[in-house]
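>>> sharing a model that was predicted from the sequence below.
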Amino acid sequence: MSKLTPLRVLIEREVTLSDFKALRLPSIFESRGWLSVIGPPKPANVQIVREFYTIKLLNYLGINNGTLTRLMFACGSKWTAKM
């Protein structure tokens, strides 16, 4: 059995579409209308993030979707905005 050897950590770097010109990726992305997808990231929608983590928390606590729907209806959207 061989002994495992540690590998060097790969450091992330910015990759641009032009790095893949030889593979014709820029023209493929442009023809398919995907250029907007690879642009700089936009700020997250705060309401969606809050709702996501609220649902995760309630699911963790064992509250199922039916109960969750009734609870959110009873409490209103102000409750989820404060979570």
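The structure has been received and is ready for your questions. Every value quoted in this text rests on a predicted model; they were computed, and no experiment measured them.

>>> burial count for the closest residue to Ile28 other than its chain neighbours?
Leaving aside its sequence neighbours, Ile28 sits nearest to Trp34 (CB to CB, 6 or more residues apart in numbering; 8.0 Å). Where you see a C-beta, it was placed from the backbone N, CA and C, and this is true even at glycine. Residue neighbour count, defined by other CB atoms under 10 Å, stands at 12 for Trp34.

>>> now Pro40
For Pro40, using other CB under 10 Å, the count is 4.

>>> swap in Lys42?
The number of residues near Lys42, taken as other CB under 10 Å, comes to 6.

>>> next one: Arg13
6.

>>> also Leu58?
18.

>>> measure it to Leu7 for me?
41 Å (CB to CB, to the nearest Å).

>>> show me where the protein has helices.
25-31, 46-60, 65-75, 77-82 (DSSP state H).

>>> show me the contacts for the residue most central in space within the chain.
The centre of the chain sits closest to Ala44, judged by CA atoms, centre = their mean, with a distance of 9.2 Å. By CB atoms under 8 Å, 6 or more residues apart in numbering, no residues touch Ala44.

>>> ok, now how distant is it from Ile38?
18 Å.

>>> please apply the same query to Thr54.
From Thr54 to Ile38 the distance is 30 Å (CB to CB).

>>> out of those two, which sits in the more crowded spot?
Each of Thr54 and Ile38 has its neighbours counted (other CB under 10 Å); Thr54 has more, 17 against 11.

>>> any idea how far Ile38 is from Glu14?
12 Å.

>>> again with Arg13
Distance from Arg13 to Ile38, by CB to CB: 15 Å.

>>> next one: Gly62
Gly62 is 40 Å from Ile38, by CB to CB.

>>> next, count neighbours for Glu51.
Residues near Glu51, counting by other CB under 10 Å: 16.

>>> and this structure, what are its domain boundaries?
For the chain, the structural domains run 13-41, 46-82, going by automatic domain parsing.

>>> quick one: average confidence on the shortest one?
Same thing as domain 13-41. The predicted model gives domain 13-41 an average pLDDT of 86.
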